[in-house]
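Enquirer: Sequence first, predicted model second:
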Amino acid sequence: MRSKSSGYVTIIVIWVAAALFVISGGLTLYIRNQARALKNYQSYMKSYYIAYAGAFDVIFSDYANGIVLGLSRLDKIENFNAKNASVSFGGGTYTAVLEEEGGKANINSASLNVIKDVLVGIKMSDAEKKAQAIFSWRKQNGGLFFNAEELGLVPELEVNDVFSLLSYFTIYSDGSLNVNTASQEVLKAYISDFAGPAALADKLIKKRPFGEELQDYLRQNAPGMPGRFRRYFSIVSAVKRVRVTGSADGKSLVKINAVFNVLQKEGHESIFLKYFWQE
């Protein structure tokens with residue numbers, strides 16, 4: 001009888017030991033996961049503040065030194081971006097990429113033909129159908145996109161379409177197109193819409209950067225283009241966009257997107273932060 005009872009006790013002890021082993025193993029795994037999650041969170045927060053501080057460092061420090069004010073030419077922007085790749089900052093690094101919003105098509109004022117020609121130019125699938133969808137969405141929603149990222153609300157556009165279009169469309173251009181930074185696709189679209197010669201876009205890209213001679217060049221090379229359309233093309237823009245990627249450990253990446261306006265008036269410089277968000 002004792003032997004039988006002893007057997008039951010042994011079985012119970014084994015079951016309790018097994019249960020404790022499973023519980024302890026689960027607890028250990030839980031603690032490890034929590035520790036890993038905490039470490040990832042700390043890395044994320046550090047990366048965020050590196051990106052955040054990096055964005056303001058680029059905007060305000062470079063602005064204060066008068067660097068940004070001269071960034072209305074593609075070659076200068078490329079040099080700026082090269083200098084701001086993998087910058088050591090706050091125990092991590094950030095990479096800043098500056099874009100010139102004045103070289104993009106304004107999605108709120110562009111004609112259907114401009115939108116269509118840009119989409120065709122970048123070889124987007126179903127370009128005409130998607131261009132019409134963008135134009136129709138704008139009309140149905142008060143005629144305005146509140147930011148270019150709202151292109152993602154157009155049902156006919158895929159996510160990759162939207163990311164592609166952000167390089168060509170903006171809502172922040174100031175009523176002109178900077179020929180020194182505009183892409184070939186955007187230049188061709190506007191020149192076509194303004195009844196200019198088809199070869200003009202390639203000529204502009206080959207000859208740029210332009211200075212004050214731009215309007216004379218347009219008069220000579222696009223004599224049939226009305227003056228109000230020629231004056232749409234410019235050589236500067238005050239509106240910039242900076243995309244900053246911050247990393248504390250080389251793995252955790254946080255992206256900050258900021259649009260700002262830089263103005264000079266009566267010997268003073270002013271900067272206005274128009275848009276600031278985390279991608």
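Expert: All right, it came through fine.

Enquirer: Strands of this structure, residue ranges please.
Expert: Per DSSP state E, the chain has strands spanning 87-89, 92-100, 105-106, 169-170, 177-178, 233-234, 239-247, 253-265, 268-278. These are given in chain order.

Enquirer: Which stretch among these approaches residue 70 most closely?
Expert: Each of the strands of the chain has some distance to residue 70 by CB to CB; the shortest is strand 253-265, at 10.2 Å. (C-beta placed from N, C-alpha, C; glycine too.)

Enquirer: so what secondary structure elements neighbour the closest one?
Expert: Packing contacts for strand 253-265, counted by 3 or more CB pairs under 8 Å, 6 or more residues apart in numbering; DSSP states H and E, involve helix 2-56, strand 239-247, strand 268-278.

Enquirer: strand partners of the second one, parallel vs antiparallel please.
Expert: Read it as strand 239-247. Strand 239-247 pairs in its sheet with strand 92-100 (antiparallel), strand 253-265 (antiparallel), by DSSP bridges.

Enquirer: quick check: angle from it to strand 268-278?
Expert: 50 degrees (axes from the mean of the first three to the mean of the last three CA atoms, to 10 degrees).

Enquirer: average pLDDT across strand 239-247?
Expert: Taken as a whole, strand 239-247 has a mean pLDDT of 92.

Enquirer: follow-up on the earlier one: I'd like the strands of the chain as CSV, with mean neighbour count and distance to residue 163 appended.
Expert: Formatted as CSV, the strands of the chain follow (neighbours: other CB atoms under 10 Å; distance: least, CB to CB, whole Å):
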stretch, mean neighbour count, distance to residue 163
strand 87-89, 14, 24
strand 92-100, 21, 14
strand 105-106, 23, 16
strand 169-170, 24, 12
strand 177-178, 24, 22
strand 233-234, 24, 27
strand 239-247, 23, 12
strand 253-265, 18, 12
strand 268-278, 13, 15
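
Enquirer: would TSV of those strands with distance to residue 78 be doable?
Expert: As requested, those are exported to TSV (distance: least, CB to CB, whole Å):
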stretch	distance to residue 78
strand 87-89	16
strand 92-100	9
strand 105-106	21
strand 169-170	19
strand 177-178	15
strand 233-234	20
strand 239-247	14
strand 253-265	19
strand 268-278	22
